[in-house]
Each structure stands twice: as C-alpha cells, then as structure tokens.
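# Attaching a predicted model along with its sequence, questions to come.
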Amino acid sequence: MDKRILDVSPDKGITRTWHFNPDTEETTIQTSQDVTDVIEANKRDFAAIDNRANWQGEWHHVASIPEALYYKLKAEGKLDDEAYMKKWLNDADNRFFRVRPGKV
C-alpha cells in the first residue's frame, strides 16, 4: 500500500494522509488529529464550572469536540441527530469532550 501525507495543520494537530492500494485500486484519505489540547482545555473548563449551576434557558456550552471528530460525526449523519448526540455526550466514554457537569 502506498501512502503520502497530503497536509498537516500543526495549530489544529490535524494530519491528512492519502492511501492507495494497488491491488484493489482503492484510494482512501485518512484524517487524524492529536486531541490532547482540546481535552486539556475541556478539563479546565469543566473544573471551572460551579457544580451547583443550574441549566436554565435553552443554550448551554456543554462540549468541545475536535474538528476531525466533528466532521466524522457530520459525515455519518450523527451530528444532526439530537437523540444520538444526547446519548453520545452523556456516555462516560466521551466525558473528556464535556465542559460542564450534568446530563444533557
């Protein structure tokens, strides 16, 4: 399999790599992202929220999702599925994308 780096965005930690399989003649573009900075910022924001703060009103910043994951969820049609995103954001496996306590 052949592969080449297409582009790198150091400020976002994103790398796009082109893969070509000569046996099947299939091409794939892989996007990967180092999410360390996003997770660390989310942890700081989460710690800064008063646990007693209530959820009044309609709009609340509840998560910060890395760009590569955002576009993956969007491409899969999951980002626009409110029920799916509520479940996803409340899943303990995704806790480091949350910026405030509570349940969505």
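Cool, got the structure. Residues are numbered from 1 along each chain as shown.

# Next, the closest residue to Val99 other than its chain neighbours: phi, psi?
Distance criterion C-beta to C-beta, 6 or more residues apart in numbering; nearest residue to Val99, sequence neighbours excluded, is Asp45 at 4.0 Å. Using the backbone N, CA and C atoms, a C-beta is placed for each residue, glycine as well. With angles defined as degrees, to the nearest 10, Asp45 sits at phi -60, psi -40.

# ok, Asp45 - contacts?
64, 99-100 (C-beta atoms under 8 Å, 6 or more residues apart in numbering).

# From those, which land in helices?
Among the contacts of Asp45, none falls in helices (DSSP state H).

# ok, so of the residues you listed, who is nearest Asp2?
Ser64 (35.1 Å; C-beta to C-beta).

# hang on, the earlier thing: which among the contacts of Asp45 gets closest to Lys74?
Nearest to Lys74 among those: Ser64, at 15.4 Å, using C-beta to C-beta.

# The closest one: how many residues sit nearby?
Applying other C-beta atoms under 10 Å, we find 16 other residues in the vicinity of Ser64.

# what's the answer for Ala83, then?
7.

# again, but for Arg98
The number of residues packed near Arg98 is 20, by other C-beta under 10 Å.

# Test my guess that it contacts Val62.
Yes: if you go by C-beta atoms under 8 Å, Arg98 and Val62 touch, sitting 6.3 Å apart.

# So for these two, which residues contact both of them?
Joint contacts of Arg98 and Val62 (C-beta under 8 Å, 6+ apart) are Leu89.

# picking up where we left off before, next, work out how far apart the residue nearest to Val99 and Val38 are.
11 Å (C-beta to C-beta, to the nearest Å).

# anything in contact with each of those two?
Going by C-beta under 8 Å, 6+ apart, residues that sit against Asp45 and also against Val38 are Ser64.
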